[in-house]
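[1] Test case, fold it:
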Amino acid sequence: MIPLSQTIIQADWDAPDNIRTLITTRMGGYSNPPYKSFNLAMHVGDDPQTVEQNRNRLGELLPSEPKWLNQIHSSRIIDAADIEPQPDADGSITTQKNTVSVVMTADCLPALICNRQGSAVAALHAGWRGLLEGILEQGAEQLLKLSACQKDEVLVWLGPAIGPNYFEVGEDVRQAFLARARNKGGYHYELIDQCFSEQTKTSDGQNKYLADIYQLARVRLSAIGVDNVSGGHYCTYSEADKFYSYRRDGVTGRMANMIWID
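    Model (predicted):
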């Protein structure tokens, strides 16, 4: 079996030395197809004992058990030190050392956040619904309040998500983002509009677009003054050997995106 240290990804950003990140790929685990091989999700139909084996293997690289969430495509963010098991939420935040914030993804956008002081971290799950509802802005603003830092001291890393050549959405999704942007002024509206490129029409004449979820995230964060954004270089859909993709495969596993304070 491939050593897990050879399959994981670490965020490539200018974070403080005491901030640790770990992003899994689909490689290095025990799951059988279609979950081959390092599936970490209990809710996708994989054998629970096999998932537990994968989680135990992951645990060898972590300082504590991650704060697993029941992700519901919301904008709810909880304290990663909360004792409630697997709460309904799409993000967690903490200032406690060795407390692992985690979100699972297979096309949706994971965002890891910290401050330059290395005193607060958050992990956020941003599908288009969560992104629309402002989970990234809420995560950044909660971190600002929790750590009393300034906006230019907030760092964000965008992890593996579906790329702009494959993320097809309908007119309803585009209009929903544009409606949220109207009260931000024309500049913000135009930048959001540029994140969608028209591709096809359905049989009933409806427009279909390719959306750039990475750029949508950058524009939304920039609108609140958070511009230190890194990452956004992967495509879960096209890199089939490395990543799970729900849009590509339907039945599939999930990767974990983790951050903690050492």
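
[2] How about the contacts made by the residue nearest to Ser5 when sequence neighbours are not counted?
    Nearest in space to Ser5, with sequence neighbours left out and distances taken as C-beta to C-beta, 6 or more residues apart in numbering, is Leu61 at 7.5 Å. C-beta coordinates here come from the backbone N, C-alpha and C atoms, glycine included. Shown in contact with Leu61 (C-beta atoms under 8 Å, 6 or more residues apart in numbering): 4-5, 8, 22.

[3] On the three-state scheme, Leu61 is what?
    coil (DSSP: H, G, I helix; E, B strand; the rest coil).

[4] related to what we said a few turns ago, which of the contacts of Leu61 sits closest to Thr252?
    Checking those against Thr252 by C-beta to C-beta gives Ile8 as the nearest, at 18.6 Å.

[5] That closest one: neighbouring residues, count only.
    20 (other C-beta atoms under 10 Å).

[6] now Ala148
    Number of residues near Ala148 (other C-beta under 10 Å) recorded here: 11.

[7] Domain-wise, how is the chain divided?
    4-163+225-261, 168-211 (automatic domain parsing).

[8] what packs against the helix or strand encompassing Leu124?
    Element membership of Leu124 [criterion: DSSP states H and E] is strand 121-126. On a contact count with 3 or more C-beta pairs under 8 Å, 6 or more residues apart in numbering; DSSP states H and E, strand 121-126 meets strand 91-94, strand 101-105, strand 109-115, helix 135-147, strand 255-261.

[9] Next, format the ones you listed as JSON lines and append distance to Tyr166 and mean neighbour count.
    Converted to JSON lines, these look like this (distance: least, C-beta to C-beta, whole Å; neighbours: other C-beta atoms under 10 Å):
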{"stretch": "strand 91-94", "distance to Tyr166": "24", "mean neighbour count": "27"}
{"stretch": "strand 101-105", "distance to Tyr166": "15", "mean neighbour count": "27"}
{"stretch": "strand 109-115", "distance to Tyr166": "13", "mean neighbour count": "27"}
{"stretch": "helix 135-147", "distance to Tyr166": "21", "mean neighbour count": "21"}
{"stretch": "strand 255-261", "distance to Tyr166": "17", "mean neighbour count": "26"}
